[in-house]
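Peer 1: Please work out how this folds:
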Amino acid sequence: MNTRKRITPTDFRGEFMPEISADFAILKTPIQVHDIAKTSGFIKVPTLLHRPEFNFIVHITKGSAKQQIDANVVSIKENEILFVRQGNVTSLREVNPNAAGYMILFEDQTLNQLFSKSDILLTSFTISLNLLIPIASY
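Peer 2: Okay, here's the model as predicted:
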């Protein structure tokens, strides 16, 4: 079995964003939101394959990016959202220099707390391992 290193948000910053300002803090909050336009230029792309100890959602509002999830490389375009589950093998393959949007990080425990009273919603949410969701523009 091929094992990949498990990493936390702090590990990600240390391994893949060594040149980012010390002012950039990894928040110790249940949900973290990061501006892609402000942070993507500091990420050494492509990142090595790793297993994040957190879930994350990537919402691209401008430009594009490519994320590998297990054996699949997924292109994320404007007005699309990608959900990557905690523990999936993943790698950021590329980011368009003018990409904008947000990356939202959260642990499984956060989901469990949010949905503890709604087992049906949590079960259906957990079954969807990776989602690429186009968002309609109005």
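Peer 1: any low-confidence regions in this protein?
Peer 2: Counting by pLDDT under 70, the ranges of the chain that qualify are 1-3, 10, 13-14, 16-28, 111-138.
Peer 1: Just the strands from it, written as ranges.
Peer 2: For the chain, the strands defined by DSSP state E occupy 6-7, 31-35, 51-52, 55-62, 64-69, 72-77, 80-84, 90-95, 100-106, 130-134.
Peer 1: which stretch among these comes nearest G41?
Peer 2: Of all the strands of the chain, the one in closest proximity to G41, counting by Cβ to Cβ, is strand 90-95 (8.3 Å). For the C-beta atoms, the positions are set from N, CA and C on the backbone; glycine is no exception.
Peer 1: Mind listing what's buried along the closest one?
Peer 2: Buried residues in strand 90-95, counted by 16 or more other Cβ atoms under 10 Å: T90, S91, L92, V95.
Peer 1: for stretch 93-112, same thing?
Peer 2: Buried positions in stretch 93-112, judged by neighbour count with 16+ other Cβ under 10 Å: V95, N96, A99, A100, G101, Y102, M103, I104, L105, F106, E107, L111.
Peer 1: Tell me how far T110 lies from Q32.
Peer 2: Computed with Cβ to Cβ, to the nearest Å, the distance linking T110 and Q32 is 10 Å.
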